[in-house]
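Enquirer: I would like the atomic coordinates for the input below:
(2 chains)
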Amino acid sequence: MKHTLAVLVENKPGVLTHISGLISRRAFNIESIAAGYTEEADTTRITIVVEGDEIEQEQVVNQLSKLVDVIKISDLTAVESIQRELALIKVKASAATRSDIINIVEIFRASIVDVNRETMVIELSGDETKIDALCQVLDDDHGIIEIARTGKIALSRGPIPAKEQ
Amino acid sequence: MIITGAEAIIESLKNENVDVVFGYPGGSVLTLYDALYQAKFRHILTKHEQGAVHAADGYARATGKVGVVIATSGPGATNLVTGIATAYMDSIPLVAITGQVSVPLIGRDSFQEADIRGITTPITKHNYLVKKVEDLPGALKEAFYIARTGRPGPVVVDIAKDVFAASFDYQYPEEVKLRGYRPVFEGDSSILDKVLAEMRLAQKPLIFVGGGVNLSDSSKELKELIDLSGFPVISTLMGLGCLANDHPQFLGMVGMHGTYAANMATTECDLLIGIGVRFDDRVTGLLSEFAAKAKIIHFDIDPAEINKNVIANLRVVGDMRWSLPALNQEVRNVSDELKGQVRTWLEKVRNWYKEKPLTYVQNSDSVMPQAVVEKVSQLTQGDAVIVTDVGQHQMWVAQFYGFKNPRSLLTSGGLGTMGYGLPAALGAQCGLPDRPVILFVGDGGFMMNCQELAAAAEFNFPVKVLILNNQCLGMVAQWQRMFYGGRYSQTSLKGSATDFVKLAEAMGVAGLRVSKPEELEKTLQEALAIPGPVVVDIRIPEVLDVFPMVPAGACLDQMMLGGIEE
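Expert: Got it, this is the predicted structure:
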């Protein structure tokens, strides 16, 4: 089963290396990892998606918690949460195919952020399956040139922040 | 107080009650060494940075204090790596202060530059790179705090060269504020009721002790638990000494080279209470069959140890200085009941212990290494600080010395570092100048850091170095004999046989030799009587195996008993 963990860490150099090093050294299965600033200047929030059973998941949390720069870990799988990824997709687009792509983009509530004679770049945020679905359609019908996807970020619903969970 | 970074380090060391450091100077730490010189701070100069870090480790294990080691940037720092990893695996509190190239030179592949912070990240509890002198006191305060609290471990403080020379207004922080580091001391005490309930249900309980008891200096509380419960006890290598070997409920060491009784009791027990253990593969053998009939209760200070290797039915997370007294209080009320209920089981396992003791083949022509260990035990009344290297002799010491006191066996248990023994013995002797410190070492491991004999001579550390010399890499050869068709690939040391007596003398250390059994006692007595360091080259047979032995990955009850009568 997949777990989404919100890991709050000290905003210091080397912390991300520390975390990714620990994950690979302990051979944990990590599906995605995404880091960014938070509402507090000295805190970075890292969202990690872990694949594994309860025991493995507990080990990931316990081992990460041992790192001195890790302030707090909360499991967003245990609470209602919003989970999003962002994708930028460069797809082959000629004058003839452009309108079909625009239709697809509208269906997915994505947006077109760049167009030229041969390609279009599409931006989509959403959960993983939605992005997968769009990529599938675009690739089958038009051909994708390249994709850039972020790791998943997540936030719990309701008023309680991860640091107080 | 306006002082330099280097002077601030000296002040910080004094604030942490450090009275000795081990180290080796070099370009990036010149300013620090100048400050050490001017402050007349006690410094033990080893012959190699690896020697310095193992010495700091031996000092920490013997005294319970934080060991401090200093090395320069680049190769100086990388020479510490094995020692830091050794300390990390055995949870030993160390602070390693390394010089780094000046801030403007960092990241440019400068002369003697190495990213020691990056290199040591997986083998330290925490590490720092200090690039601003204002950050120095805080980093040192935190380093000592992190090294010694919670589950102890090594911390590296890498300091840029220009930081040592920079002046600033020094103030040592009063307290540490770390948002992400709050070691548990007192855990959830309601769990202890459940532990007690399991103890009352168990018909075949077993207490399983490890290095955590030694590290937390909880042997008194442990003994109380054992006396109150009447439960039989087994130990890991790292736990030896936390309960006296002659205790009537003790079954010896468990695991690959454990006793028949300890391994069989583990296989048969219905409740295993692990205290300060980490269920290492050398202990468990085949994990799926380890204590397969038992419920498992795990006491540890580190929550990440729970369910790492063995799934625990109950977990008691917290410092043993909290959990053991708290449990004893509850056990005290049911002491008679528990003792009554385990009497048959205790009798059974103690009979195993008596009927299949650790033995070895007696040989009147050769000096048997087990006999050497027994003789040393007898001559020191089991009361010396024993240091070992790694290999066959390490296991023979574990099996035959009969440890009586906590912190009396200093050995690289987790990492298994050859070359650890000699420098660690110097560090132990430095910390405990009035105790006899005896090193058992193989001829292979001795050569890995034999340069430190010269340091022993210089500082007159009266360590007794007993080389159990079989002219081969005994443990590797044993595996080659058992599992590789006797093809002794690169394990014979005959071609390079060194005269260790002459080597000792060349470094200013007395050298003695034992070749025949009748010389053993007299020579050992002679060695113990010499006030300074001594090397004794003890010639033992080449082909000997450590028994019992559970082959790697086999179940604990599948022991090859070898010398033990079946």
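
Enquirer: now the residue in chain A that chain B sits nearest to: how far from A:Ala154?
Expert: Closest residue of chain A to chain B, C-beta to the nearest C-beta: A:Asn62 (3.8 Å). Glycine gets a C-beta too; all of them are placed from N, C-alpha and C. Separation of A:Asn62 from A:Ala154 (C-beta to C-beta, to the nearest Å) stands at 21 Å.

Enquirer: Between those two, which is the more surrounded one?
Expert: A:Ala154 (22 against 18; other C-beta atoms under 10 Å in any protein chain shown).

Enquirer: nearest residue to the more buried one other than its sequence neighbours?
Expert: For A:Ala154, ignoring the flanking residues on the chain, the nearest one in space by C-beta to C-beta, 6 or more residues apart in numbering or on different chains is A:Gln83 at 4.3 Å.

Enquirer: residues near B:Tyr24, how many?
Expert: The local packing count at B:Tyr24 equals 24, with neighbours defined by other C-beta under 10 Å.

Enquirer: Domain map for chain B?
Expert: As assigned by the TED database, chain B contains the domains B:2-169, B:189-355, B:369-539.

Enquirer: could you measure the residue in the stretch 201-350 of chain B that chain A sits nearest to against B:Gly150, distance?
Expert: Here the stretch 201-350 of chain B gets closest to chain A at one residue, B:Ala304, 3.8 Å apart by C-beta to the nearest C-beta. Shown here: B:Ala304 relative to B:Gly150, a distance of 11 Å by C-beta to C-beta.

Enquirer: Just list the residues touching the residue of the stretch 201-350 of chain B closest to chain A, thanks.
Expert: Neighbour list for B:Ala304: A:59, A:62-63, A:65-66 [criterion: C-beta atoms under 8 Å, 6 or more residues apart in numbering or on different chains].

Enquirer: about what we covered before: what strand or helix carries the residue nearest to A:Ala154?
Expert: If you go by DSSP states H and E, A:Gln83 is part of strand A:81-92.

Enquirer: Could you check that strand and say which residues are buried?
Expert: Along strand A:81-92, the positions that meet the burial threshold by neighbour count (16 or more other C-beta atoms under 10 Å in any protein chain shown) are A:81, A:83-87, A:89-92.

Enquirer: Stretch B:533-542 too?
Expert: By neighbour count, and taking 16+ other C-beta under 10 Å as the criterion, the buried residues in stretch B:533-542 are B:533-540, B:542.

Enquirer: Mind listing the residues bridging to B:Ile2?
Expert: Under the criterion DSSP bridges, B:Ile2 forms beta bridges with B:Asp169.

Enquirer: Verify the contact between it and B:Phe168 for me.
Expert: Yes. Using C-beta atoms under 8 Å, B:Ile2 is in contact with B:Phe168, at 7.1 Å.

Enquirer: So what's the residue count around B:Asp270?
Expert: 16.

Enquirer: Which residues of chain A lie near chain B?
Expert: Along chain A, the residues adjacent to chain B under the rule C-beta under 8 Å from any C-beta of the partner chain are A:9-10, A:13-14, A:17-18, A:21-22, A:25, A:55, A:58-59, A:62-63, A:65-72.

Enquirer: Please list the members of the residues you listed that lie in strands.
Expert: Among the residues of chain A next to chain B, the subset assigned to strands under DSSP state E consists of A:9-10, A:70-72.

Enquirer: what's stretch A:87-94 in contact with?
Expert: For stretch A:87-94, the external contacting residues (C-beta under 8 Å, 6+ apart) are A:101, A:113, A:115, A:117-125, A:131, A:134-135, A:138-139, A:142-150.

Enquirer: Would you list the buried entries among those?
Expert: Using 16+ other C-beta under 10 Å, the buried ones in those are A:101, A:119-122, A:124, A:131, A:134-135, A:138, A:142, A:144, A:149-150.

Enquirer: Can you convert those into TSV and add a column each for secondary structure and pLDDT?
Expert: Listed next are the buried ones among the contacts of stretch A:87-94 as TSV, based on DSSP: H, G, I helix; E, B strand; the rest coil; pLDDT from 0 to 100:
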residue	secondary structure	pLDDT
A:Ile101	helix	96
A:Thr119	strand	96
A:Met120	strand	97
A:Val121	strand	98
A:Ile122	strand	97
A:Leu124	strand	97
A:Ile131	helix	96
A:Leu134	helix	97
A:Cys135	helix	96
A:Leu138	helix	96
A:His142	coil	96
A:Ile144	strand	97
A:Arg149	strand	95
A:Thr150	coil	93
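
Enquirer: that older thread, show me the contacts for the closest residue to the residue of the stretch 201-350 of chain B closest to chain A other than its chain neighbours.
Expert: The spatially closest residue to B:Ala304, leaving aside those adjacent along the chain, is A:Asn62, at 3.8 Å (C-beta to C-beta, 6+ apart). Residues counted as contacts of A:Asn62 (C-beta under 8 Å, 6+ apart) are B:303-304, B:306.

Enquirer: Neighbour count: B:Ile2 and B:Phe168, which is higher?
Expert: Relative neighbour count places B:Phe168 above the other of B:Ile2 and B:Phe168, with 18 against 8, counting by other C-beta under 10 Å.

Enquirer: What is the burial count for the residue lying closest to the more buried one once chain neighbours are set aside?
Expert: Leaving aside its sequence neighbours, B:Phe168 sits nearest to B:Val133 (C-beta to C-beta, 6+ apart; 4.7 Å). Using other C-beta under 10 Å, B:Val133 has 23 other residues around it.

Enquirer: With A:Thr38 instead?
Expert: Counted with other C-beta under 10 Å, the burial measure for A:Thr38 works out to 16 neighbours.

Enquirer: thought it was touching A:Thr44?
Expert: Yes. In this structure, A:Thr38 is within contact of A:Thr44 by C-beta under 8 Å, at 6.6 Å.

Enquirer: And what about B:Ala6, helix, strand or coil?
Expert: Three states are possible here, and by DSSP: H, G, I helix; E, B strand; the rest coil the one that applies to B:Ala6 is helix.

Enquirer: For the residue lying closest to B:Gln451 once chain neighbours are set aside, grab the count of nearby residues.
Expert: Counting by C-beta to C-beta, 6+ apart, the nearest residue to B:Gln451 once its immediate chain neighbours are dropped is B:Lys47, at 4.0 Å. Number of residues near B:Lys47 (other C-beta under 10 Å) recorded here: 18.

Enquirer: Might one say that B:Lys47 is in contact with B:Ala454?
Expert: Yes. Contact status for B:Lys47 versus B:Ala454: in contact at 5.6 Å, counting by C-beta under 8 Å.

Enquirer: before we move on, back to that, now, the contacts of A:Asn62 that are in strands?
Expert: Secondary structure of those is defined by DSSP E; no position falls in strands.

Enquirer: Spell out which residues of chain B are next to chain A.
Expert: For chain B, the residues in contact with chain A under the definition C-beta under 8 Å from any C-beta are B:117-118, B:121-122, B:125-126, B:129, B:146, B:178-181, B:302-304, B:306-308, B:311.

Enquirer: Go again with 10 Å.
Expert: Proximity of chain B to chain A (C-beta under 10 Å from any C-beta of the partner chain) is limited to residues B:115, B:117-118, B:121-122, B:124-129, B:131, B:142, B:146, B:150-151, B:153, B:155, B:178-183, B:302-308, B:311, B:317.
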